[in-house]
Structure formats: C-alpha cells, structure tokens
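Student: Here's my sequence, what's the structure:
(one chain, ligands or ions: 1)
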Amino acid sequence: MKKLYFGTNLKMYKNIHQTTSYLKDLISLTKDISQEEIELFVIPSYTSLSSAAGSIDRNYVKLGAQNMCWEEEGQFTGEISPLMLKEMNLDLVMIGHSERRHVFGETDITENKKVKCALEHDFTTLLCIGESLEEKNFDISNEVLRTQLKIGFHNIPTEKISKIWVAYEPVWSIGVNGVPASYQYAEEKHKVIKECLQELFGDAAKAIPVLYGGSVNPQNANDLITQPSIDGLFVGRSAWHADDFNKLIRDAKKAYETA
Ligand code: 13P
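Tutor: Alright, predicted model coming up:
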C-alpha cells in the first residue's frame with residue numbers, strides 16, 4: 001500500500017499560541033498512526049514557525065514555510081531567506097501557492113528560482129500548480145499544468161526527486177468561494193501531472209507524491225483519496241480544528257484501505 005500524505009496550509013490564520021496548541025492537539029490525536037502509513041505536515045505562518053518548531057515533537061509532523069526567497073541574503077525587503085528557514089530546522093517549503101501567484105503576482109519563472117534554491121538547501125519542496133477558471137473554460141487546463149511543471153522544475157536534476165512534492169490545487173476550487181473539483185476531474189488532472197513529471201524526470205518520477213487541494217472536506221475526501229493518481233490531500237479550512245483534521249485523516253485512510 002502506498003503512503004498517504006495529509007497536510008494543511010494555515011495561510012494567514014492562527015497566531016503563535018493558536019498554532020502551537022493546534023499542533024500539540026493534532027499530534028496527540030494522530031500519533032498512534034504509523035509514520036509508514038501517513039506523512040503529516042503543517043505549514044503555519046512565518047511568525048509562528050520558530051515557537052512551533054521548538055515546542056512540538058517533530059517526529060510526528062513535518063513543519064513547513066509558506067514561501068521563501070530565492071537568495072540567501074541581500075536587498076530583498078520583506079522576504080525570508082532559505083538560511084533563516086534552515087535556522088528553524090524546517091522540513092519543507094511550499095512554493096507557488098495559488099494565492100502567491102494570483103494575489104501577489106508570482107510567475108512560473110520566480111517559482112522556478114525558488115524551487116531551485118529550496119532544493120539546493122535540501123528542503124522538501126512542495127510546488128503548487130493549478131489552472132484558473134478562465135483557463136479551464138478555454139479548455140487549456142492540461143497545457144497550463146504542463147507549463148507550470150516544465151518551468152517550475154526547469155533544470156532541476158533528477159537526483160533531487162526524493163525532495164519533490166507536487167500539489168494540484170485548481171484556483172477555482174480554493175477557499176470560501178471555491179467549488180471542489182470532482183474526484184473524476186481531479187484524477188484526470190493528476191494523470192496529466194504524473195505523465196508530465198515522468199517526461200521531465202523519467203521513471204524515477206513515480207516516487208513524487210501528487211496531492212490534491214481545494215475545498216477538500218469530509219464529504220469529498222474519501223472519494224478523492226481512493227483515486228489511483230491521488231497520493232494525498234492538502235487541506236485548508238477543513239483541517240484547522242485538530243479534531244476535524246484527525247477525523248478526516250482517519251476516515252480517508254480507512255476508505256483507501258478498504259477500497
Ligand atoms: P481550502 O481547503 O480552504 O479550499 O484551501 C486549500 C488550500 O489553499 C491549501 O493550500
């Protein structure tokens with residue numbers, strides 16, 4: 001059986017205290033689940049990272065940053081360097097979340113610089129990709145996904161594969177106004193993504209986990225996780241109470257095991 005990935009992006013929610021107590025609750029609820037079976041990760045805000053990293057048992061949950069600059073230091077006001085993230089001993093860095101691309105204007109080319117830099121600093125690197133509603137309506141979703149992957153992973157050596165994760169998050173499915181993708185649609189796009197990763201990295205790409213994100217909730221999680229090309233769920237709102245996330249994880253894991 002494959003390992004299942006479950007993670008949450010806390011976006012610009014939860015202060016330091018809320019983040020730490022959320023993580024402690026989540027760990028105590030999920031620590032009996034074998035690490036061989038699931039990979040659990042949480043991506044808090046920058047300001048909560050240092051306390052979170054110092055106060056939880058990192059054996060049970062990976063901690064990540066929501067963004068990172070592509071330079072180690074310099075005249076980059078407001079940015080966070082990979083060395084600063086290393087200081088906190090983080091496990092992973094998320095690059096190219098839809099809100100970074102669409103609210104803050106990041107491009108595939110900047111995502112590529114960040115991916116390169118994150119991998120050079122040995123972070124597990126979660127590249128987020130996804131088409132907008134307009135692109136979907138023009139029927140160019142596959143082309144958009146392939147472009148985001150081909151630029152995002154341009155000139156990344158195959159030996160870095162063990163540190164690469166991908167999240168497919170269609171822009172139209174994310175957040176309070178999002179419409180979740182059907183599991184059939186998500187599976188179809190995950191296949192396109194996996195094919196493209198194979199073109200880029202060869203057979204070794206089969207090891208890259210591809211997670212689905214965008215309005216994952218208790219009603220659709222089980223149908224999504226049981227799709228052959230979906231390796232995990234990247235959850236926002238439905239994961240922000242530890243007990244809800246614990247239940248979603250356990251239900252999805254059971255659905256996968258009994259499918
Ligand atoms: P929602 O699950 O709230 O739609 O958010 C998904 C997301 O953006 C994860 O990165």
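
Student: What residues does the stretch 151-259 of the chain have near the ligand?
Tutor: 169, 174, 175, 178, 213, 214, 215, 216, 234, 235, 236, 237 (CB under 6 Å from any ligand atom). C-beta: built from backbone N, CA, C; applies to glycine.

Student: Pick out whichever of the residues you listed sits closest to the ligand.
Tutor: The ligand lies nearest to residue 236 out of those, by CB to the nearest ligand atom, at 2.3 Å.

Student: what about the closest one, neighbour count?
Tutor: By other CB atoms under 10 Å, the residues close to residue 236 number 21.

Student: For the residue lying closest to it once chain neighbours are set aside, give me its contacts.
Tutor: Excluding the flanking residues, the one nearest residue 236 by CB to CB, 6 or more residues apart in numbering is residue 9, at 6.0 Å. Contacts for residue 9 (CB atoms under 8 Å, 6 or more residues apart in numbering) come out as 43, 66, 94, 97, 213, 234, 236.

Student: unless I'm mixing things up, the first one is touching residue 65, no?
Tutor: Yes: Residue 43 is in contact with residue 65 according to CB atoms under 8 Å; the separation is 6.9 Å.

Student: Which neighbours do those two have in common?
Tutor: 92, 94.

Student: For residue 216, see how far away residue 256 is.
Tutor: 14 Å (CB to CB, to the nearest Å).

Student: do the same with residue 137
Tutor: To residue 216, residue 137 is 23 Å away according to CB to CB.

Student: Which one's more surrounded, those two?
Tutor: Relative neighbour count places residue 216 above the other of residue 137 and residue 216, with 28 against 11, counting by other CB under 10 Å.

Student: residues touching that one, list them.
Tutor: Contacts of residue 216 by CB under 8 Å, 6+ apart are 180, 224, 233, 234, 235, 236, 238, 248.

Student: And for residue 95?
Tutor: Residue 95 touches 67, 68, 111, 114, 115, 118, 125, 126, 127, 128, 152, counting by CB under 8 Å, 6+ apart.

Student: Touching, the last one and residue 127? I think so.
Tutor: Pointing back at residue 152 there. Yes: with contact defined as CB under 8 Å, residue 152 reaches residue 127; the gap is 5.0 Å.

Student: Residue 99 belongs to a helix, doesn't it?
Tutor: Yes: under DSSP: H, G, I helix; E, B strand; the rest coil, residue 99 falls within a helix.

Student: what's the nearest residue to it once chain neighbours are set aside sitting at in phi/psi?
Tutor: In this structure, residue 99 finds its nearest non-sequential neighbour in residue 11, 7.2 Å apart by CB to CB, 6+ apart. For residue 11, the backbone dihedrals (degrees, to the nearest 10) come out as phi 50, psi -140.
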